[in-house]
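Trainee: sequence? don't have it. structure:
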């Protein structure tokens, strides 16, 4: 497989209820990942050189659902399914990170 143009990592980490760190799972990461899968399929993004991977913890659990886009290393937080199209349209297609979703610089 050649190096992807962009690689989207979506945290699917789950922890027991009441865990002090929380988790992206309790913040809807499953629905976010499902929306990315649907959009990747609909737009045939794999054929265009994009990659999508679900992951364990990416770090800022309190800001989940977390999404990380490489090669830029842009971390998004509090992502909802409604944000997926915007991330694809702006960041993946036109190299413009979605500023309103970026985690604060002291976090990432």
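Mentor: Nice, thanks for sending it over. Just so it is clear, the model here is predicted, and its values are computed rather than measured. Residues are numbered from 1 along each chain as shown.
Trainee: Only C-alpha atoms from now on, for both contacts and neighbour counts.
Mentor: OK.
Trainee: Do a quick rundown of the strands in this structure.
Mentor: For the chain, the strands defined by DSSP state E cover 6-11, 50-55, 67-70, 74-76.
Trainee: of these, which approaches residue 31 most closely?
Mentor: strand 6-11 (10.6 Å; CA to CA).
Trainee: Paired strands for the closest one, with orientation please.
Mentor: With DSSP bridges as the test, strand 6-11 is paired with strand 50-55 (parallel), strand 67-70 (antiparallel).
Trainee: would you list the strands of the chain in a markdown table and tack on mean pLDDT and mean neighbour count?
Mentor: Formatted as a markdown table, the strands of the chain follow (pLDDT from 0 to 100; neighbours: other CA atoms under 10 Å):
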| stretch | mean pLDDT | mean neighbour count |
| --- | --- | --- |
| strand 6-11 | 98 | 23 |
| strand 50-55 | 98 | 16 |
| strand 67-70 | 98 | 21 |
| strand 74-76 | 98 | 22 |
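Trainee: before we move on, the earlier item: format the strands paired with strand 6-11 as JSON lines; extra columns: distance to residue 83.
Mentor: Conversion of those to JSON lines gives the following (distance: least, CA to CA, whole Å):
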{"stretch": "strand 50-55", "distance to residue 83": "16"}
{"stretch": "strand 67-70", "distance to residue 83": "11"}
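Trainee: Compare the ones you listed and give me the one nearest residue 40.
Mentor: Evaluated over those, closeness to residue 40 peaks at strand 50-55, with 8.1 Å, by CA to CA.
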